[in-house]
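Colleague: give me the fold of what follows.
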Amino acid sequence: MAHHKSEYENYILVAEHTKMLRGTYPAFLKTKALMSTLNSMAQKQSNTYTYNGELYVSKLTSSEISKIQSAFDYGTYNSSIEKLKYIFIDIGDRLF
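Modeller: Okay, here's the model as predicted:
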């Protein structure tokens with residue numbers, strides 16, 4: 001029977017391929033919370049999101065957010081991950 005990877009394992013597999021993401025559990029939790037917010041924004045067909053009580057306008061499209069989430073879902077890096085830098089700049093936090 002194949003091993004089902006945890007969300008954290010998938011995060012680590014993606015984080016290995018980019019300098020933006022740290023491979024730590026606290027960073028995983030922050031990224032997971034941020035992705036939840038971005039996915040909610042994408043589902044609403046909106047370009048605004050709230051993070052830590054602040055409202056932001058995202059430069060990412062729903063399609064880009066879906067590609068980023070897919071990378072985390074499957075533990076497979078794709079170039080869309082690099083677009084998270086726009087969100088990190090917006091929220092003023094590069095320590096993910």
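Colleague: next, Leu21: phi, psi?
Modeller: The phi/psi pair for Leu21 (degrees, to the nearest 10) reads phi -110, psi 130.
Colleague: wait, it sits on Thr31?
Modeller: Yes. If you go by CB atoms under 8 Å, Leu21 and Thr31 touch, sitting 6.6 Å apart. Backbone N, C-alpha and C define where each C-beta goes, glycine included.
Colleague: the helix ranked longest in the chain: which residues count as buried?
Modeller: In the chain, taking DSSP state H as the definition, the longest helix is helix 25-43. The neighbour-count check on helix 25-43 (16 or more other CB atoms under 10 Å) flags Ala27, Phe28, Lys30, Thr31, Leu34, Met35, Thr37, Leu38, Asn39, Met41, Ala42 as buried.
Colleague: roughly how far does the fifth one sit from His4?
Modeller: Summarising the geometry, the distance separating Leu34 from His4, computed by CB to CB, to the nearest Å, is 24 Å.
Colleague: one more: the third one?
Modeller: Distance check for Lys30 against His4: by CB to CB, it reads 23 Å.
Colleague: try the fourth one
Modeller: Thr31 sits 20 Å away from His4, taking CB to CB as the criterion.
Colleague: for the spatially most central residue of the chain, give me its contacts.
Modeller: In the chain, the C-alpha nearest the mean C-alpha coordinate belongs to Met35, at 4.4 Å (CA atoms, centre = their mean). Residues near Met35 by CB atoms under 8 Å, 6 or more residues apart in numbering: Ile68, Gln69, Phe72.
Colleague: and which of the residues you listed is nearest Ile89?
Modeller: Comparing the contacts of Met35 against Ile89 with CB to CB places Ile68 closest, at 15.3 Å.
Colleague: if we ignore the residues flanking it in sequence, what's nearest that closest one?
Modeller: Ser80 (4.9 Å; CB to CB, 6 or more residues apart in numbering).
Colleague: mind checking pLDDT for the one you found?
Modeller: Ser80 carries a pLDDT value of 94.
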